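> coords below, sequence missing:
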């Protein structure tokens, strides 16, 4: 059996936090994706050959491997597995930078999944999780897996620093994700969260999380609707996203079970009971951002979105 | 069909909060219980004839119906159902006052369940919940159902102000509850919680809650163990309970999945993977309180404990 020398993989975008599970929950969406091409090279190093793609700012991403989420993930993989060889990496960005759709996580997961296909003994997705976290922490400064974990496993995922738990999402659940042409710095989005939270609010939010998880597990739209309300983070971040309130209203007026901020924003997501409802809500949600003066891209996807995959394996 | 004139019902004690679900989760235990005897009377009023039982302080409980949790629950029942008749109530306390085992809730639930048996058209348990909450709020000053809801439904229950969700608890789960001869005022136990909580702690606690709920639902002891850790309330309340740390250590040393404070304390509960483990842990947990200078009573019960029932219905 000859060892494979090159592999390509993609990782989908994701909705981090899902409103009610800050740094804990996430799900992928079909559509936007990052692609990584990884080659095994003789030199015991990781180098990034190029970063391309038609998203703004892709050319400003660091080519130094240790400063790049995908590069760092492969460095971590090489070191911890004590590989005698290295990797050369090409990234193709399809997820807009700073969108709140997990772009840096997707590059990292795509690279890890592609590199895994080049190992003499490829690892399970669960075994790849720590390497993806190592990479993601370059961008976020902390180890939270609410983006990389759903990308590795697909669908809705609960991720702690040590554990990934795949949650069953009913197939009728669909989402709309709207990404406006705004820039919201992750650092600023985090800063507004620093002030501590009173117990009453924490208890109410815990109840929402519990209702949400139970609703998901039972496929009960009413429970999901009651649970999918973020009282902690959204009230503080929403003022940083011009048009947010109108977009959320448009979603709820279109029958959304709930709507909130995707990841660190400025993208907004909403969940619906069917693909038809989600399709119908996309236009009014875009229009609300347009009224606030912002163009946007919109995606409709099953909530149980795809996972990262090697490309061309089945050819 | 003749209308029944008198009914007796009991309600079991409960472990409120279950550590990780403050004001949200609770479960009943077999053993200690309050009993209510309710009579239909012609006068359109609610009166408490007597409060007895062999627990300290039972004779100091208010006989004025509106000041008593059980009395207020029946007042609420009468008024909202517009009953033309009244109720006379006798309470027999079996759950120690101020123990953190839901004593005031149990009186209230026992009274509601007994009175319900006297209605021309008895209500469902779900329909009784608001009346039990009305009663419970006399004692706690707020409407939280983490004690009354498990007593009405049995087992482990998630309770919000408007909703009760019964959670499946694996039958192998058993608990030890130790009630020391200490008094911890509910008011004082609440006061230490006032200072707000940083986001990092809230996020970690949310992860614990999510792991706990998923573990319960999947019957996965490892997930329950990871989840059953209270970072918010226990660190602040534990110093008010002399001996707590030693009792918790004794539980964990005996293989407990987790241990924390029952309700507002001072009782301590621990969960185990089997009745045998729970039985074996009871003595060391008691001994730890004894070392701190406190006698105690100890209960071992399935976590999926009983619900309140009318007594003698099946005779």
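In hand now; what should we look at? Only a predicted model underlies this, so the values are computations on that prediction, with no experimental measurement involved. Numbers count the residues shown, from 1 in each chain, chains lettered A, B, ... in the order given.

> Who are the packing partners of the helix or strand hosting residue A:223?
Assigned by DSSP states H and E, residue A:223 belongs to helix A:221-227. With contacts defined as 3 or more CB pairs under 8 Å, 6 or more residues apart in numbering or on different chains; DSSP states H and E, helix A:221-227 has these neighbours: helix A:199-218, strand A:258-261. C-beta here means a position set from N, CA and C on the backbone, and glycine is covered the same way.

> The residue in the stretch 51-200 of chain A positioned nearest to chain B: what's it in contact with?
Using CB to the nearest CB, the closest approach of the stretch 51-200 of chain A to chain B is made by residue A:196 at 3.7 Å. Counting by CB atoms under 8 Å, 6 or more residues apart in numbering or on different chains, residue A:196 makes contact with B:195, B:196, B:197, B:198, B:199.

> filter the residues you listed to the buried ones?
B:197, B:199 (16 or more other CB atoms under 10 Å in any protein chain shown).

> Now mean pLDDT too, for the helices and strands packed on helix A:221-227, in JSON lines please.
Compiled in JSON lines, the helices and strands packed on helix A:221-227 are given as follows (pLDDT from 0 to 100):
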{"stretch": "helix A:199-218", "mean pLDDT": "96"}
{"stretch": "strand A:258-261", "mean pLDDT": "98"}
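
> Reduced to three states, what does the residue nearest to residue A:247 when sequence neighbours are not counted come out as?
Closest residue to residue A:247 apart from its sequence neighbours, by CB to CB, 6 or more residues apart in numbering or on different chains: residue A:288 at 4.3 Å. What DSSP: H, G, I helix; E, B strand; the rest coil gives for residue A:288 is helix.

> pLDDT wise, what is residue A:288 at?
At residue A:288, the model reports a pLDDT of 98.

> hmm, back to that, how far off centre is the helix holding residue A:223?
22 Å (CA atoms, centre = their mean, to the nearest Å).

> mean confidence for the strand or helix carrying residue A:92?
Using DSSP H and E, residue A:92 falls within strand A:86-93. Summarised as a single mean, pLDDT over strand A:86-93 is 97.

> helices or strands next to that strand in the packing?
Using 3+ CB pairs under 8 Å, 6+ apart: strand A:86-93 touches strand A:25-41, strand A:46-53, helix A:69-81, helix A:103-116.

> Can you add mean neighbour count and distance to chain B and give those back as TSV?
Below are the helices and strands packed on strand A:86-93 laid out as TSV (neighbours: other CB atoms under 10 Å in any protein chain shown; distance: least, CB to the nearest CB, whole Å):
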stretch	mean neighbour count	distance to chain B
strand A:25-41	24	8
strand A:46-53	18	31
helix A:69-81	23	21
helix A:103-116	31	18
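
> Can I get these in CSV including mean pLDDT?
CSV is the format used below for the helices and strands packed on strand A:86-93 (pLDDT from 0 to 100):
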stretch, mean pLDDT
strand A:25-41, 97
strand A:46-53, 95
helix A:69-81, 97
helix A:103-116, 97
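
> Show me which residues of the stretch 201-315 of chain A sit near chain B.
A:202-203, A:205-207, A:209-211, A:213-214, A:217, A:223, A:226, A:232 (CB under 8 Å from any CB of the partner chain).

> make it 7 Å
Contact residues, the stretch 201-315 of chain A versus chain B (CB under 7 Å from any CB of the partner chain): A:202, A:203, A:206, A:207, A:209, A:210, A:213, A:214, A:217, A:232.

> Surely the third one and residue B:209 touch.
Yes - in this structure residue A:206 lies within contact range of residue B:209 using CB atoms under 7 Å: 5.7 Å.

> for residue A:274, what are its contacts?
Applying CB atoms under 7 Å, 6 or more residues apart in numbering or on different chains, we find residue A:274 in contact with A:172, A:174.

> Domains in chain A, by residue range?
With domains defined by automatic domain parsing, chain A comprises A:6-167, A:174-302.

> give me the element residue A:20 is part of.
Assigned by DSSP H and E, residue A:20 falls within no helix or strand.

> Quick check, pLDDT for residue A:186.
According to the prediction, residue A:186 has pLDDT 71.

> what pLDDT does residue A:2 get?
At residue A:2, the model reports a pLDDT of 61.

> do the same with the one 10 residues further on
Here, the pLDDT recorded for residue A:12 equals 98.

> Please look at it and residue A:34 and confirm they touch.
No - using CB under 7 Å as the test, residue A:12 is too far from residue A:34 to be in contact (8.6 Å).

> Next, show the common contact partners of the two.
In contact with both residue A:12 and residue A:34: residue A:106, using CB under 7 Å, 6+ apart.

> beta partners for residue A:89?
Assessed by DSSP bridges, residue A:89 has beta-bridge partners residue A:38, residue A:48.

> do you know how far it is from residue A:38?
5 Å (CB to CB, to the nearest Å).

> anything in contact with each of the two?
Between them, residue A:89 and residue A:38 share these contacting residues under CB under 7 Å, 6+ apart: residue A:111.

> rewinding a little: pipe the helices and strands packed on helix A:221-227 into TSV and attach distance to residue B:167 per row.
What follows is those, written out as TSV (distance: least, CB to CB, whole Å):
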stretch	distance to residue B:167
helix A:199-218	8
strand A:258-261	22
